[in-house]
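Asker: Next come a sequence and a model predicted from it.
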Protein chains: 2
Amino acid sequence: MTNPLVRKLEGLTPLGDKDRQVLGSLPMTTVTRRAGDMLIDEEEQPSQVHLLIEGWAFRHKALPDGRRQIVGYLIPGDLCDIHVFVLKRMDHALSLLSDATIGLIEADTMIGLIDEHPRIARALTWSTLVDEATLREWLVNIGRRDPYARVAHLLCEMWLRMRAVGLAADRRLDLPLTQTELGDTVGLTPVTVNRVLQRLRREQLITLSDRVLTILDAPGLMQASDFNADYLHRDQNLGSRR
Amino acid sequence: MTNPLVRKLEGLTPLGDKDRQVLGSLPMTTVTRRAGDMLIDEEEQPSQVHLLIEGWAFRHKALPDGRRQIVGYLIPGDLCDIHVFVLKRMDHALSLLSDATIGLIEADTMIGLIDEHPRIARALTWSTLVDEATLREWLVNIGRRDPYARVAHLLCEMWLRMRAVGLAADRRLDLPLTQTELGDTVGLTPVTVNRVLQRLRREQLITLSDRVLTILDAPGLMQASDFNADYLHRDQNLGSRR
DNA sequence: CGTCCTTTTGATCCGCGTCAAAGGGAGTGG
DNA sequence: CCACTCCCTTTGACGCGGATCAAAAGGACG
């Protein structure tokens, strides 16, 4: 299997052979963690960069009353905390949705990588900016769409993201999210999420059980959720992928 | 008056004299635009970087039914579109809330600036990451807080941001937002915003009329909105600000 | 077999959206 | 200088969607 980081960055902007090689042999120690573990806590100051190699994670912020808002998902190939180079402190926590394997990269290694490989630096910047664009789209989702469209929109996005890194066989993908977590993402209660999912199933748009999501009717799902993939900024000049 | 860009970046991370000087004499052409103008449209590919020198602007995304979600505010010193270097296309539009003066900076100038002045580059990265952190906090705001806290939270944030660039005399600041725009920001109708504002006034937390906001009780307002300024990442090692 | 978590279903209730209209202030034109 | 328009704010009434509460059902696991 290719390094998932290579696979991700290549999906954003072209890399050279040298870049691929350097990324492939990036010195890092790998560790495994269990589903439910908190990988990085709010306010923390990580000294290494965490690369998610396998599994799912999510970013979240806690409220004083114990509720929380999920503010992002990470899938294989995603870096958890490049920003701490600059910002020093986390402003949110990071937890695992599934058992996961994590690569730990020394800060200096990462800095060297960026300094000496401009195309990699550019791809990382790209990735950060896409994350930002995604947050804007989530804001639209929560702020202005009804529950039905909100959930449908999130499912579309996760499907496209998983497909972009080769983790969605056609229209099937693992989606290790409980309905509570879906709700914490789109600002709904689990009860409402459940009813929305049933409607999506009834309308033959999706199938979802045992953590496996199947997109039955992609155009229908996208239309239902006012989905426009532009915000994911998959590069036009990459041409057809692979 | 100091260049507002200098003032902003200095508030994030230390600059050298040289940096300040370069920023102060940054070649740009200035133009003025009227309140309500759309400065950059969705999907556009700007060829110059826009610097907001005076006035207010906002980022927004439109929905098919004509409604919109505001996804960010810009105040003097903010750059509107550095990301287009990398992403090429806007995924949202940018409009003016007030008459404004804009600095237009050539792409090459900007690239040179970043290449040759690492501290400036770092400050710009910082700024981007704070924008991202702000989006995450907005997500919490819309997703999980009640209308009262939502509006209060936004007012706190705008106050701190304006103060950070020297545009809030003590607890007074211009806030050229209609109640409709406040609603489009926090996912509420103007009617609800109006009722929330009345409650905030009744409880002696704020004053707001004729586009002037006064914070009467800062601790009270922050408590009401569960406000924690950490996400703004004002640098600790800057020490007491001027 | 019992415990725990997640999903599902049903019933109730109220907050906020919606609709409607009045009031106020600023700007414009006769 | 007044009349008119336009936009924003304010107020009131109503109805519904989604939160809340509660409990049952289904699986996974020890």
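Answerer: Thanks, I have it.
Asker: Show me which residues of the helix or strand where A:M110 lies are buried.
Answerer: Per DSSP states H and E, A:M110 falls inside helix A:107-116. For helix A:107-116, burial by neighbour count (16 or more other C-beta atoms under 10 Å in any protein chain shown) applies to A:110, A:113-114. Heads up, the C-betas are built off the backbone N, CA and C, glycines and all.
Asker: What is the helix or strand of chain A with the lowest mean pLDDT packed up against?
Answerer: Every helix and strand of chain A was ranked by mean pLDDT, DSSP states H and E. The lowest is helix A:84-87, at a mean of 87. When contacts are defined as 3 or more C-beta pairs under 8 Å, 6 or more residues apart in numbering or on different chains; DSSP states H and E, helix A:84-87 packs onto helix A:107-116, helix B:118-144.
Asker: Quick test: name the residue nearest the centre of chain A.
Answerer: A:L74 (3.3 Å; C-alpha atoms, centre = their mean).
Asker: and that one, what are its bridge partners?
Answerer: Beta bridges link A:L74 to A:A57 when assigned by DSSP bridges.
Asker: thinking it is in contact with A:H60, fair?
Answerer: No - using C-beta atoms under 8 Å, A:L74 makes no contact with A:H60, being 11.4 Å away.
Asker: Report the set of residues contacting both of these two.
Answerer: A:L94 (C-beta atoms under 8 Å, 6 or more residues apart in numbering or on different chains).
Asker: what residues are up against A:G72?
Answerer: Applying C-beta under 8 Å, 6+ apart, the residues near A:G72 are A:58-59, A:131, A:134-135, B:136.
Asker: In CSV, list the residues you listed along with distance to DNA strand C.
Answerer: Shown next, in CSV, are those (distance: C-beta to the nearest atom of the strand, whole Å):
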residue, distance to DNA strand C
A:F58, 13
A:R59, 18
A:D131, 26
A:T134, 23
A:L135, 21
B:R136, 21
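Asker: In TSV: these, plus distance to B:V165.
Answerer: Formatted as TSV, the contacts of A:G72 follow (distance: C-beta to C-beta, whole Å):
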residue	distance to B:V165
A:F58	34
A:R59	28
A:D131	26
A:T134	28
A:L135	23
B:R136	22
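Asker: ok so, going back, next, the angle helix A:118-144 makes with the helix holding A:M110.
Answerer: Interaxial angle, helix A:107-116 versus helix A:118-144 (axes from the mean of the first three to the mean of the last three C-alpha atoms, to 10 degrees): 100 degrees.
Asker: what sits up against helix A:107-116?
Answerer: A:22-23, A:26-28, A:47-49, A:82, A:85, A:120-121, A:124.
Asker: Pull the contacting residues for the residue nearest to the centre of chain A.
Answerer: Residues in contact with A:L74 (C-beta under 8 Å, 6+ apart) are A:52, A:56-59, A:80, A:94.
Asker: Now with 7 Å, please.
Answerer: A:52, A:56-58, A:80 (C-beta atoms under 7 Å, 6 or more residues apart in numbering or on different chains).
Asker: got it, and A:H50?
Answerer: Contacts of A:H50 (C-beta under 7 Å, 6+ apart): A:39-40, A:80-81, A:102, A:104.
Asker: model confidence over the one helix or strand it maps to, on average?
Answerer: Here A:H50, judged by DSSP H and E, is contained in strand A:48-54. Mean pLDDT, strand A:48-54: 96.
Asker: quick check: angle from it to helix A:107-116?
Answerer: 80 degrees.
Asker: Any buried residues in stretch A:34-54, and which?
Answerer: A:39-40, A:42, A:46, A:48-54.
Asker: and that stretch, C-alpha only, in PDB?
Answerer: The C-alpha coordinates for stretch A:34-54 follow below in PDB (Å, rounded to 0.1, in the frame of the first residue of the first chain):
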ATOM      1  CA  ARG A  34      -7.900   2.400  20.300                       C
ATOM      2  CA  ALA A  35     -11.300   3.700  19.200                       C
ATOM      3  CA  GLY A  36     -12.500   6.300  21.600                       C
ATOM      4  CA  ASP A  37      -9.100   7.400  22.700                       C
ATOM      5  CA  MET A  38      -8.400  11.100  22.900                       C
ATOM      6  CA  LEU A  39      -5.300  11.700  20.800                       C
ATOM      7  CA  ILE A  40      -4.700  15.300  21.500                       C
ATOM      8  CA  ASP A  41      -6.500  17.400  24.100                       C
ATOM      9  CA  GLU A  42      -7.600  21.000  23.900                       C
ATOM     10  CA  GLU A  43      -5.000  23.500  25.000                       C
ATOM     11  CA  GLU A  44      -2.300  20.900  24.500                       C
ATOM     12  CA  GLN A  45       1.100  21.800  22.900                       C
ATOM     13  CA  PRO A  46       2.100  18.700  20.800                       C
ATOM     14  CA  SER A  47       5.800  18.400  20.100                       C
ATOM     15  CA  GLN A  48       5.500  16.000  17.200                       C
ATOM     16  CA  VAL A  49       3.200  16.100  14.200                       C
ATOM     17  CA  HIS A  50       0.500  13.300  14.100                       C
ATOM     18  CA  LEU A  51      -0.200  11.700  10.800                       C
ATOM     19  CA  LEU A  52      -3.300   9.500  10.600                       C
ATOM     20  CA  ILE A  53      -2.300   6.400   8.700                       C
ATOM     21  CA  GLU A  54      -5.200   4.200   9.200                       C
END
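Asker: Give me the distance between the residue of chain A most remote from its centre and DNA strand C.
Answerer: The C-alpha centroid of chain A is most remote from A:R202, which lies 27.5 Å away (C-alpha atoms, centre = their mean). Plainly put, A:R202 is 10 Å away from DNA strand C if you go by C-beta to the nearest atom of the strand, to the nearest Å.
Asker: Same check on A:L113?
Answerer: With C-beta to the nearest atom of the strand as the criterion, A:L113 and DNA strand C are 37 Å apart.
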